[in-house]
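S.K.: Predicted model and sequence follow; I will ask about them next.
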Amino acid sequence: MVLRQGFGYWAEKKDQNTGLQMHALQLSINIGRTMLFNTSVILPLYQKMLSTGDTFEHGILLSSGISHPF
């Protein structure tokens, strides 16, 4: 998975604390036929801020959901 988030703007000025590029491994499991239950784990492998602003890092993300066709 590759995520690239562009810069944000505040009062028409570029916010130096935004903008991120991340490469991650995503593992997903889907269970069900008519009603689908899914779970994903996203493990960041590489992260880089696009500017020299404050740096933050994404940790491991766990998501889950339920879907049903109409």
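M.R.: Good, I have the coordinates.

S.K.: contacts, neighbours, all on C-alpha from now
M.R.: Will do.

S.K.: Quick check on residue 57: phi, psi?
M.R.: Backbone torsions for residue 57, taken as degrees, to the nearest 10, come to phi -130, psi 140.

S.K.: what's the nearest residue to it if we skip its chain neighbours?
M.R.: The spatially closest residue to residue 57, leaving aside those adjacent along the chain, is residue 47, at 7.0 Å (CA to CA, 6 or more residues apart in numbering).

S.K.: buried stuff in the lengthiest strand in the chain?
M.R.: The residue-count maximum for a strand in the chain (DSSP state E) belongs to strand 36-49. Residues of strand 36-49 classed as buried by neighbour count (16 or more other CA atoms under 10 Å): 41-44, 47, 49.

S.K.: now swap in stretch 21-29 and tell me
M.R.: Within stretch 21-29, judged by 16+ other CA under 10 Å, the buried ones are 22-24.

S.K.: Tell me which two of the buried residues of strand 36-49 sit farthest apart.
M.R.: Looking at these by CA to CA, the two members farthest from one another are 41 and 49, with 22.1 Å of separation.

S.K.: Just give the closest residue to residue 20, not the sequence neighbours.
M.R.: Setting aside the residues directly before and after it, residue 20 is nearest to residue 49 in space (CA to CA, 6+ apart), at 4.5 Å.

S.K.: so who does the one you found touch?
M.R.: Under the criterion of CA atoms under 8 Å, 6 or more residues apart in numbering, the neighbours of residue 49 are 18-21, 55.

S.K.: Mind telling me which residue is nearest the centre of this structure?
M.R.: The central residue of the chain, meaning the one whose C-alpha is nearest the mean C-alpha position (CA atoms, centre = their mean), is residue 3 at 6.4 Å.

S.K.: I figured that one was touching residue 25, is that so?
M.R.: No: under the criterion of CA atoms under 8 Å, residue 3 lies out of contact with residue 25, with a separation of 11.1 Å.

S.K.: just to revisit the earlier point, just name the closest of the buried residues of strand 36-49 to residue 65, please.
M.R.: For the buried residues of strand 36-49, the minimum distance to residue 65 (CA to CA) is 12.2 Å, reached by residue 41.
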